[in-house]
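> next comes the sequence, and after it the predicted model I'd like to discuss.
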Amino acid sequence: MARAAKRMFTDSELERIAQAVRDAELKTSGEIVPYFIERSDRYEEAVWRGAGLTALLVLIVFASLHFFTDLWIPIDSVELALLTIGAAGVGIVLVAMIAPLKRFFAGQELIDHRVALRAADAFIAEEVFKTRDRTGILVFLSLEEHKVLVVGDRGINAKVDRSEWEDVVARIVRGINSGRPVDGLVDAIGQCGALLEKHGFRRERDDTNELPNRPRSATKRPQRRRR
C-alpha cells in the first residue's frame, strides 16, 4: 500500500475499510473500490504563479520606496534584478512545498478538473468498469487537494441520483473534518451498499467477488495534465 493510504490510515483501519467493502457487497451485485492518492497533479501553473507574484511584490516594494519616500536605496538595477529572481525562487519553493499555497494559486476550477481526470484514470486502471452489471463504484480521495469523488459505473449511475452520491461524499468529509476519517469512509461505503440495494442491484446466487475488497492507492507520481 502506497504512502497516501498509510499516511491517513493505520493497518487496522485499512482492514476495517476492507471489511466495510465486504459487508456492503454482501447483499448486492456492486463492487466498491476505495482509492487514495497523495495528489492528483503537481500543478506547475500554481508554482509559476507564486513565483511571478513574489517577484512582482519585490519590484513593487522597491519602486514604492524609490518614488514615494526619501529613503536612499543602496542597490543598483543588476542587484535588483538578482533580488527579484531570488524572490521568484523563494515563491517557487514555498508554493511547491506548502499545500494550502499550492491550492490557492492553482484555483478551484483547475483543481476540480485535474482531480476528475485522475479519478477517471483510477477508474480505468483499477477496472472498476469490469463488472457484470456495470455496478462498480470508485470512492476516490485526493489528499493534498482535500477532494473526494464518488464515481459510479453506468449501470448504477442510470438509477442513482446525483444528490445521493453527494451524500456519500459528505459522509466522508464529515468524518475527516471531525478527526475520524476511517469512520466517515466506513459510513460512506455502507451507504454505497445501501444505494445499490435500494435501486435493485441485489446479489444473485451466481454472483462472485469481481474486484478485490482491499483499499487501493497509487504508487507512481501523477503525470502532468493539460486543460
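Done, it's in.
> got the domain boundaries for this protein?
With domains defined by automatic domain parsing, the chain comprises 3-41+107-217, 44-106.
> from those, which stretch is densest packed?
Ranked by mean neighbour count under mean count of other Cβ atoms under 10 Å, those are led by domain 3-41+107-217, which reaches a mean of 18. C-beta coordinates here come from the backbone N, C-alpha and C atoms, glycine included.
> now residue 138: which helix or strand?
Using DSSP states H and E, residue 138 maps to strand 136-142.
> hmm, who's touching that strand?
Residues outside strand 136-142 that contact it (Cβ atoms under 8 Å, 6 or more residues apart in numbering): 4, 8, 30-37, 39-40, 115, 118-119, 122-123, 126, 128-130, 147-153, 156, 168, 172, 185, 188-189, 192, 196, 211.
> before we move on, the earlier item: could I get the domains of the chain as a markdown table with mean pLDDT?
As requested, the domains of the chain are arranged in a markdown table below (pLDDT from 0 to 100):
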| stretch | mean pLDDT |
| --- | --- |
| domain 3-41+107-217 | 90 |
| domain 44-106 | 89 |
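> strands of the chain, start to end?
Using DSSP state E, the strands of the chain run over 31-37, 136-142, 147-152, 216-217.
> quick one, what contacts residue 7?
38, 143.
> who does the spatially most central residue of the chain form a beta bridge with?
In the chain, the centroid-proximal residue (Cα atoms, centre = their mean) is residue 142; its distance is 1.9 Å. Bridge pairing for residue 142 (DSSP bridges) gives the partners residue 37, residue 147.
> could you do the one 10 residues further on as well?
Following DSSP bridges, residue 152 is listed with bridge partners residue 137.
> verify the contact between it and residue 168 for me.
No. Residue 152 is beyond contact range of residue 168, at 9.6 Å (criterion: Cβ atoms under 8 Å).
> hmm, back to that, out of the strands of the chain, which is closest to residue 107?
strand 147-152 (13.4 Å; Cβ to Cβ).
> look up how far residue 56 lies from residue 44.
Going from residue 44 to residue 56 by Cβ to Cβ, to the nearest Å gives 19 Å.
> likewise residue 14?
Taking Cβ to Cβ, one finds residue 14 at 45 Å from residue 56.
> rewinding a little: make TSV out of the strands of the chain and add distance to residue 67.
Converted to TSV, these look like this (distance: least, Cβ to Cβ, whole Å):
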stretch	distance to residue 67
strand 31-37	49
strand 136-142	46
strand 147-152	44
strand 216-217	54
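> and of those, who's closest to residue 85?
Comparing these by Cβ to Cβ, strand 136-142 comes nearest, at 32.9 Å.
> got the CA coordinates for the closest one in PDB?
The C-alpha trace of strand 136-142 is given here as PDB (Å, rounded to 0.1, in the frame of the first residue of the first chain):
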ATOM      1  CA  GLY A 136     -18.700  -0.700  -9.900                       C
ATOM      2  CA  ILE A 137     -18.200   2.300  -7.600                       C
ATOM      3  CA  LEU A 138     -14.900   4.200  -7.200                       C
ATOM      4  CA  VAL A 139     -14.500   6.100  -3.900                       C
ATOM      5  CA  PHE A 140     -11.600   8.400  -4.700                       C
ATOM      6  CA  LEU A 141      -9.700  10.500  -2.200                       C
ATOM      7  CA  SER A 142      -7.100  13.000  -3.300                       C
END
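> just how off-centre is it within its chain?
10 Å (Cα atoms, centre = their mean, to the nearest Å).
> got the angle for it vs strand 31-37?
20 degrees (axes from the mean of the first three to the mean of the last three Cα atoms, to 10 degrees).
> okay, the spatially closest residue to residue 169 that is not a sequence neighbour and residue 16: tell me how far apart.
Excluding the flanking residues, the one nearest residue 169 by Cβ to Cβ, 6 or more residues apart in numbering is residue 148, at 4.9 Å. To residue 16, residue 148 is 18 Å away according to Cβ to Cβ.
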